[in-house]
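Let's see this in three dimensions:
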Amino acid sequence: MEWLVWIGAATTLVGFVGILWSIFAVMRARRAGLDDEGLRARMGKVLPVNIAALFLSFLGLMMVVVGVILG
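Sure, this is the predicted structure:
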């Protein structure tokens, strides 16, 4: 089950990159000095990416755990 651990690690890494991207996107939006409506619109676009990245990280970590247990 070593392959499951490596696939899970790669999935977790992709999710982590997505989380970092969403953090930096929100930081850029806050520094841009947007009004409240503009900031909400930008956050509305970043939120689905953030949730998907969190899901990918969770799924990858679960794959690693299952691979370690079965291996």
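
For the longest helix seen in the chain, which residues meet the burial criterion?
Determined from DSSP state H, the single longest helix within the chain is helix 36-70. Judged by neighbour count using 16 or more other CB atoms under 10 Å, the buried positions of helix 36-70 are 42-43, 46, 50, 53, 56-57, 60, 63-64, 67. Using the backbone N, CA and C atoms, a C-beta is placed for each residue, glycine as well.

Kindly reformat those as TSV containing distance to Thr11 and pLDDT.
Shown next, in TSV, are the buried residues of helix 36-70 (distance: CB to CB, whole Å; pLDDT from 0 to 100):
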residue	distance to Thr11	pLDDT
Arg42	27	92
Met43	25	93
Val46	21	95
Asn50	16	97
Ala53	11	97
Leu56	6	97
Ser57	8	97
Gly60	3	97
Met63	6	97
Val64	9	97
Gly67	11	96
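
Check which helices and strands the longest helix of the chain is in contact with.
Packing contacts for helix 36-70, counted by 3 or more CB pairs under 8 Å, 6 or more residues apart in numbering; DSSP states H and E, involve helix 2-31.

could you give me the average pLDDT of the helix it packs on?
Averaged over helix 2-31, pLDDT sits at 96.

counting contacts, what elements does it pack onto?
Other elements packing on helix 2-31 under the criterion 3+ CB pairs under 8 Å, 6+ apart are helix 36-70.

just the angle between the helix it packs on and helix 2-31, please?
With axes from the mean of the first three to the mean of the last three CA atoms, to 10 degrees applied, the angle from helix 36-70 to helix 2-31 works out at 160 degrees.
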